[in-house]
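K.L.:
mind looking at a prediction? Sequence and model below.
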Amino acid sequence: MISDFLLLSRIKNGDVKAFKSVFNEYYIALCLYSTCIVGDSVEAEEIVQELFYVFWKKKSKLPILNSIKG
């Protein structure tokens, strides 16, 4: 298993596979969490998709942390 630190470093450098790995790992959990907050699964998915879009768009400005989950 690759560390979050390494994944974030790779994403910051434009590694699409690393981004897909993070997306696949967290997408469903984030959608479920968002649904609990907004009460609408379609809206929750849109929020999470926007989150990942911005995450990728601003990848060069990512702080390199030890944990993605946080």
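P.N.:
Noted; the coordinates are in hand. Computed from a prediction, not measured in an experiment: that's the story for all the values here. Numbers count the residues shown, from 1 in each chain.

K.L.:
going forward, measure contacts and count neighbours with C-alpha atoms only.
P.N.:
Noted.

K.L.:
from Leu62, how far off is the closest residue to Val22 other than its chain neighbours?
P.N.:
Leaving aside its sequence neighbours, Val22 sits nearest to Leu7 (CA to CA, 6 or more residues apart in numbering; 7.8 Å). Leu7 sits 11 Å away from Leu62, going by CA to CA, to the nearest Å.

K.L.:
equivalent analysis for Glu45, please.
P.N.:
Glu45 is 22 Å from Leu62, by CA to CA.

K.L.:
so between the two, which is more surrounded?
P.N.:
Between Glu45 and Leu62, Glu45 has the larger neighbour count (other CA atoms under 10 Å), namely 18 against 14.

K.L.:
just to check, the more buried one is in contact with Ala29?
P.N.:
No: if you go by CA atoms under 8 Å, Glu45 and Ala29 don't touch, sitting 10.6 Å apart.

K.L.:
out of the helices and strands in this protein, which is least certain?
P.N.:
Here the helix or strand of the chain ranked lowest by mean pLDDT, DSSP states H and E is helix 4-12, holding a mean of 89.

K.L.:
what residue ranges in the chain score low on pLDDT?
P.N.:
1, 66 (pLDDT under 70).
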